[in-house]
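Novice: need a structure here:
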Amino acid sequence: MKLILVTFLLVASPIWPLGQNPLPGDPFIIVNLQKNQLALIRDNSIYKVYPIATGKIKDPTPEGVHTVTVKAINPYYRRNNIQGGDPKNPLGSRWIGFDALDTDGRIYGIHGTNNPWSIGYSVSNGCVRMLNKSVEEIFDYIPIGTKVYVTTSSRSFEEIAVEQGAMKRNENGLKYP
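Specialist: Below is the predicted model of the structure:
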């Protein structure tokens, strides 16, 4: 009986994250394919919005909620055997891989680029490209386990974040600080 009670308390407790990921305040990423923008949600507010490049029509960026599973500094580009840090490496200076389409975080990711002109367009093979300085800026704020929500939407990032549980509103309709 005690085991059942303890199990119930852990699962029903607000400190138990099961079924409540993300919690307001947790880092959360929203990728909007329609706008080619990425929003980083931190501490229950929109920290910053960045321009990005996303997947082309024949190789779209997979929509849905994904989880960051891999992070790398100066990632190795396996497809063409290009070492990390090489100016020819299309992955740029950082890799934040997520588990889209049941992959392991090494196929789809948020990464830098050696082609800054591509930002703002749908030109990638399904990944989310950022300027190197932008992906370097968010890299340390994104722990393994962070949720990445990829969508095509005309709604604001705040509306999407509230809907996804990454931000919370109080009884007056204002977001909590």
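Novice: List the residues that contact the closest residue to N125 other than its chain neighbours.
Specialist: Distance criterion Cβ to Cβ, 6 or more residues apart in numbering; nearest residue to N125, sequence neighbours excluded, is D59 at 4.5 Å. Where you see a C-beta, it was placed from the backbone N, CA and C, and this is true even at glycine. Residues counted as contacts of D59 (Cβ atoms under 8 Å, 6 or more residues apart in numbering) are 124-126.
Novice: G97 too?
Specialist: Applying Cβ under 8 Å, 6+ apart, the residues near G97 are 68-72, 104-109.
Novice: change it to 6 Å
Specialist: By Cβ atoms under 6 Å, 6 or more residues apart in numbering, G97 lies in contact with 69-70, 105-106, 109.
Novice: Can you list the strands that the helix or strand containing it pairs with?
Specialist: Applying DSSP states H and E as the criterion places G97 in strand 94-98. Strand 94-98 has these partner strands in its sheet, going by DSSP bridges: strand 64-73 (antiparallel), strand 108-111 (antiparallel).
Novice: Rebuild those as JSON lines, extending it with mean neighbour count.
Specialist: Putting these into JSON lines (neighbours: other Cβ atoms under 10 Å) gives the following:
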{"stretch": "strand 64-73", "mean neighbour count": "17"}
{"stretch": "strand 108-111", "mean neighbour count": "26"}
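Novice: between those, which gets nearest to Q164?
Specialist: For Q164, the closest of the strands paired with strand 94-98 is strand 64-73, at 7.4 Å, according to Cβ to Cβ.
Novice: Mean confidence (pLDDT) on that closest one, please.
Specialist: Averaging pLDDT along strand 64-73 gives 97.
Novice: Distance from that strand to the middle of the chain?
Specialist: 7 Å (Cα atoms, centre = their mean, to the nearest Å).
Novice: How about stretch 151-163?
Specialist: Per Cα atoms, centre = their mean, the centroid offset for stretch 151-163 relative to its chain is 14 Å.
Novice: still on that earlier bit, any idea how far the strand holding G97 is from the middle of the chain?
Specialist: 9 Å.
Novice: Which member of the contacts of G97 is positioned nearest G120?
Specialist: G109 (18.8 Å).
Novice: Any idea how far apart the tips of stretch 97-113 sit?
Specialist: This stretch, stretch 97-113, spans 14 Å end to end (Cα to Cα, to the nearest Å).
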